[in-house]
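1. Sequence first, then the predicted structure:
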Amino acid sequence: MFAVRSAFRAGARAAVPFRTFATSSSRAANTLLFLEHKNGAINPASLSALTAAQKLGGEIHGLVTGRASEAKKVAEEAAKVGGLTKVLVSSSDAFAYPLSEPIAPLIQSLVSKNSYSHVVAGHTAVGRDVMPRASVLLDSSQISDIISVEGEDTFVRPIYAGNALATVKTSDKVVVFTVRGTAFDAAKAEGGSASVEEVEAGEAPQPTKFVEEQVSESSRPDLATAARVVSGGRALKSAEGFEKYIEPLADKLKAAVGASRAAVDAGYADNALQVGQTGKIVAPELYMAIGISGAIQHLAGMKDSKTIVAINKDPEAPIFQVADLGLVADLYEAVPELTEKL
């Protein structure tokens, strides 16, 4: 059960008085953090979730799952992360891939045994899969994609494609939430000295079979964590347009490549490059929107960027309302000139 207050925003975040409809007793804020990892590396979103969890106070225990050899290696690295007091590692072939069906019951079991008051994960594809199932097993209402921790039971999250902020107060015994990675700095991967403890995997049900994973390889920075992003929209007109205009500029800036949903749906760019409400949420130092009109769906994924630069031939394009720097020009002329001068 939770109560909500909302504040619509246009630029600044408005503070709006609200009535509290739910109450909760004081709780010992010991937190279980699901540590997502791949190829032996901890996902930066999990480190951002750790930073958010530190605002709750109390101890934070990390949970690492996977096949025996990989899980133990990741657990050793996780023990070095500042902010963790203990790392729980559970090894099983059922955890070879981060599927929700075997992992969620393990989380439920650990919460029952250790009386955790909070369970948290990064708001990634994996986190969005695992946490809802875990919250159901824990009889809790999940709070998703938070951007601020106001207290042990109170959080702020964006709604309506980021056009409003909701302050959510929960009275659930166990608080389950996911964290927007761009809203919190990643915890330092060094300096910690957490203990490592092995836990039994239990039954680890496997009703779902992992078939395959198709990964787009790129030498450019990862889109979700890149300091610079160059995104293209439908105005590029083709995949060749992306390759000719967007990629050379991104390479000059040592930036990641992004795309609007319209460009992805049209087949101009890979789905993994989509920025927006249904794609990746990014907040780089520099975000360049080229040939992107600025639909609400796209703005929800990038308007927290530190500096936004827009190039569009339509002076009335909504993207200019959020841009720090705007150039009204034909991208086919402006982008090659900019790339050459860089």
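-> That came in fine, so what should we check first?

2. can you list the residues that contact stretch 262-269?
-> For stretch 262-269, the surrounding residues in contact (C-beta atoms under 8 Å, 6 or more residues apart in numbering) are 232-234, 236-239, 241-242, 257, 259, 270-271, 273-274, 279, 295. The way it works is simple: take the backbone N, C-alpha and C, and place the C-beta from them, glycine included.

3. CA atoms only for that stretch - export them in CSV, please.
-> C-alpha atoms of stretch 262-269 as CSV (Å, rounded to 0.1, in the frame of the first residue of the first chain):
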residue,chain,number,x,y,z
ALA,A,262,11.0,6.5,-34.9
ALA,A,263,14.4,5.8,-36.3
VAL,A,264,14.6,2.4,-34.7
ASP,A,265,11.1,1.4,-35.8
ALA,A,266,12.0,2.4,-39.3
GLY,A,267,15.0,0.1,-39.3
TYR,A,268,17.6,2.9,-39.4
ALA,A,269,19.3,1.8,-36.1
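
4. mean confidence for it?
-> Average pLDDT, stretch 262-269: 95.

5. same question, stretch 83-102
-> Computed over stretch 83-102, the average pLDDT equals 94.

6. returning to what we had before: filter the contacts of stretch 262-269 to the buried ones?
-> For these, a neighbour count by 16 or more other C-beta atoms under 10 Å gives the buried set as 232-234, 236, 241-242, 257, 259, 273-274, 279, 295.

7. can you list the weak-confidence ranges in this structure?
-> 1-28, 215-217 (pLDDT under 70).

8. correct me, but residue 321 touches residue 295?
-> No: counting by C-beta atoms under 8 Å, residue 321 stays clear of residue 295, with 11.9 Å between them.

9. Could you give the bridge partners of the closest residue to residue 116 other than its chain neighbours?
-> Nearest non-adjacent residue to residue 116, counting by C-beta to C-beta, 6 or more residues apart in numbering: residue 32, 4.4 Å away. Judged by DSSP bridges, the bridge partners of residue 32 are residue 61, residue 119.

10. can you start the count at 24 instead of 1 from here on
-> Okay, using 24 as the starting number, the last item reads as residue 55.

11. Would you agree residue 55 is in contact with residue 133?
-> Yes: Residue 55 lies in contact with residue 133 (C-beta under 8 Å); the separation is 6.1 Å.

12. where do the contact lists of those two overlap?
-> Common neighbours of residue 55 and residue 133 (C-beta under 8 Å, 6+ apart) are 86, 111, 139.

13. Okay, and which of these map to strands?
-> Cross-referencing the shared contacts of residue 55 and residue 133 against strands under DSSP state E gives 86, 111.
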